[in-house]
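*Asks:* no sequence for this one, just the structure:
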């Protein structure tokens, strides 16, 4: 994740919230996002839900094609 963050020159916020969304899911991503600013809690929820949707679709594709 650090390599991608350096490659796209993203903000540390997206690295921290994205990492927590991958590990803790929708329960803990807003907590990390609100540590940066209380307004960004919704962004944490959206990152977690988007991650669930993408990886669920990817998992189903692996089952179908595997």
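*Replies:* Alright, I've got the coordinates. Computed from a predicted model, the values in this text were never measured in an experiment.
*Asks:* Next, count neighbours for the closest residue to residue 18 other than its chain neighbours.
*Replies:* Of all residues not flanking residue 18 in the chain, residue 47 sits nearest, at 5.9 Å (C-beta to C-beta, 6 or more residues apart in numbering). Where you see a C-beta, it was placed from the backbone N, CA and C, and this is true even at glycine. Applying other C-beta atoms under 10 Å, we find 21 residues neighbouring residue 47.
*Asks:* need the contact list for residue 47.
*Replies:* The contact partners of residue 47, by C-beta atoms under 8 Å, 6 or more residues apart in numbering, come to 14, 17, 18, 21, 29, 33.
*Asks:* helices or strands next to the lowest-mean-pLDDT helix or strand in the chain in the packing?
*Replies:* When each helix and strand of the chain is scored by mean pLDDT, DSSP states H and E, helix 2-8 comes last, with a mean of 74. Using 3 or more C-beta pairs under 8 Å, 6 or more residues apart in numbering; DSSP states H and E, the elements in contact with helix 2-8 are helix 12-24.
*Asks:* what does the average pLDDT come to for the helix it packs on?
*Replies:* The pLDDT scores in helix 12-24 average 76.
*Asks:* For the next helix or strand after that helix, buried residues please.
*Replies:* The first helix or strand that comes after helix 12-24 along the chain, using DSSP states H and E, is helix 29-36. Using 16 or more other C-beta atoms under 10 Å as the test for burial, helix 29-36 gives 29, 30, 32, 33, 34, 36.
*Asks:* what angle sits between helix 29-36 and helix 12-24?
*Replies:* Helix 29-36 runs at 150 degrees relative to helix 12-24, counting by axes from the mean of the first three to the mean of the last three C-alpha atoms, to 10 degrees.
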